[in-house]
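# what's the 3D shape of this:
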Amino acid sequence: MVPAVGWGVALGVALGAVGWGLLVASLPHSAWGLGGGQATAVATVTVTRGLWSDCATDASGVTSCVPLISLITLPGYLQGSRALAVTAATLGALGVALGGAAGTRRRARAAGGALLLLAALGALAAAGWFAAAVTREFFDPQHGGVRYEPGPGLLLAAGGGALAGVGGGALLASARGRPERPR
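Numbering: from 1, shown residues only. Here you go, the predicted structure:
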């Protein structure tokens, strides 16, 4: 017989899963940074930067993307944000799976909660690092490239990290209490 699942476990797993889903949805998102609409004599172009590609959309809605595959020429914040976001997504998946498995004991729930908290820290660090670098470049008068602003992909990662952190905290809180008796 499987023991009953408490509200803390259900809440922790649900919030952790939603946070992990948002983080995973932010990874391929092409708009972590939004470049302002650059008007030319011919058309207006909107430029976006994601973790994996730079894209440009013209006034007619046609989007053209260039993959960012060279590790040598990429800025450090982009490489670091990639690594942190992918690591956070992996840890989040492990945390949800470990914390939400049927019949898990307190130690497994605590480990799942701790993994979700680590995933939250990684996601928030990735989003914060990307946002800080984009903001610094935006206000730098010497910066000659496109001036990006934080975009929706960045907000997905930050929101996913926050929800994963709350879910991990709920799982950790549900693992506290008196020890379970063996059956």
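# Which per-residue confidence value corresponds to the residue minimising distance to the centre of the chain?
In the chain, the residue lying closest to the centroid (Cα atoms, centre = their mean) is Ala157, at 2.9 Å. At Ala157, the model reports a pLDDT of 95.
# Ok, Ala41 next?
55.
# With Gln38 instead?
pLDDT for Gln38: 57.
# lowest average confidence, helix or strand, in the chain?
strand 33-39 (a mean of 70; mean pLDDT, DSSP states H and E).
# what pairs with the next helix or strand after that strand, and is each one parallel or antiparallel?
Note on strand 33-39: by DSSP states H and E, the next helix or strand toward the C-terminus is strand 44-49. Taking DSSP bridges as the criterion, strand 44-49 pairs within the sheet with strand 33-39 (antiparallel), strand 53-58 (antiparallel).
# Buried ones in strand 44-49, by neighbour count?
45-49 (16 or more other Cβ atoms under 10 Å). Backbone N, C-alpha and C define where each C-beta goes, glycine included.
# Which single one of the residues you listed is nearest to Pro67?
Distance to Pro67 across the buried residues of strand 44-49 (Cβ to Cβ) is lowest for Arg49, with 12.0 Å.
# what is that closest one paired to in the beta sheet?
Beta-bridge partners, per DSSP bridges, of Arg49: Gly33, Asp54.
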